[in-house]
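> based on what follows, work out the 3D shape:
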Amino acid sequence: MTDTDAELLPRLRAAAEQLDPPPSDLAERVIAAIAMADISREYALLTLIDNAEAAVRGSDGETTTLQFSDGSASILLHVTHTERGRRRVDGWVDAGAVEVQLSQDDRTLTTAPDDQGRFAFDDVAPGLSRVRLVVGGDQKDLLTPHFEV
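Okay, the predicted model is just below:
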């Protein structure tokens with residue numbers, strides 16, 4: 001920056017602040033708008049389904065059933081403990097998903113749901129996970145909060 005720029009920029013700032021000042025509540029409105037956009041884009045509602053003790057695919061392992069929804073798409077997950085101490089995640093989606101991603105730390109498993117919206121992940125490590133439902137068109141992707149498998 002030259003000496004001329006250093007003299008000119010403060011004068012331009014003062015003129016802009018005097019002739020066209022920002023609204024006094026601009027910062028608060030921007031923060032609120034960003035927070036609302038992140039909430040609606042990032043998080044889905046988690047519903048733990050009670051009495052979902054029936055095992056998936058006849059396994060004798062422990063099963064947890066979870067349902068996530070953001071109002072336009074839903075994911076139903078059955079998480080089953082396997083004999084090897086791993087997890088099998090069976091799921092169903094009701095939206096036109098093109099891809100389902102299950103992420104754990106730096107590992108991401110990817111699959112495509114079938115025509116009925118069914119998908120599965122075999123041999124999943126126990127731990128904190130989240131699912132992203134990738135949809136096409138104008139609909140937003142659904143990203144679940146973290147949950148334990």
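> low-confidence ranges in the chain?
Where the chain drops to pLDDT under 70, the residues are 35-61.
> what ranges does the chain have for its strands?
45-48, 63-69, 74-81, 87-93, 97-104, 107-111, 118-124, 128-135, 142-143, 147-148 (DSSP state E).
> and the fourth one, how far from the chain's centre?
Shown here is strand 87-93, whose average C-alpha point lies 16 Å from the average C-alpha point of the whole chain (Cα atoms, centre = their mean, to the nearest Å).
> wait, isn't Glu62 in contact with Glu83?
No - here Glu62 does not reach Glu83: they are 11.6 Å apart, not a contact under Cβ atoms under 8 Å. Every C-beta, even on glycine, is put in place using the N, C-alpha and C of the backbone.
> more neighbours: which of the two?
Taking neighbours as other Cβ atoms under 10 Å, Glu62 and Glu83 compare with Glu62 leading, 11 against 8.
> ok, the more buried one - contacts?
80-81 (Cβ atoms under 8 Å, 6 or more residues apart in numbering).
> find the centremost residue of this protein, please.
Leu143 (1.6 Å; Cα atoms, centre = their mean).
> test my guess that it contacts Ser129.
No - with contacts counted by Cβ under 8 Å, Leu143 stays clear of Ser129, the gap being 11.9 Å.
> where's the residue nearest to the centre of the chain relative to Val100, distance?
Distance, Leu143 to Val100, using Cβ to Cβ, to the nearest Å: 11 Å.
> hmm, Leu66 and Val79 touching each other?
Yes - using Cβ under 8 Å, Val79 is in contact with Leu66, at 7.0 Å.
> neighbour count for these two, which is higher?
Taking neighbours as other Cβ under 10 Å, Val79 and Leu66 compare with Val79 leading, 24 against 21.
> take the strands of the chain and write them to a markdown table, including distance to Asp5.
Putting these into a markdown table (distance: least, Cβ to Cβ, whole Å) gives the following:
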| stretch | distance to Asp5 |
| --- | --- |
| strand 45-48 | 52 |
| strand 63-69 | 53 |
| strand 74-81 | 54 |
| strand 87-93 | 55 |
| strand 97-104 | 47 |
| strand 107-111 | 47 |
| strand 118-124 | 57 |
| strand 128-135 | 46 |
| strand 142-143 | 44 |
| strand 147-148 | 53 |
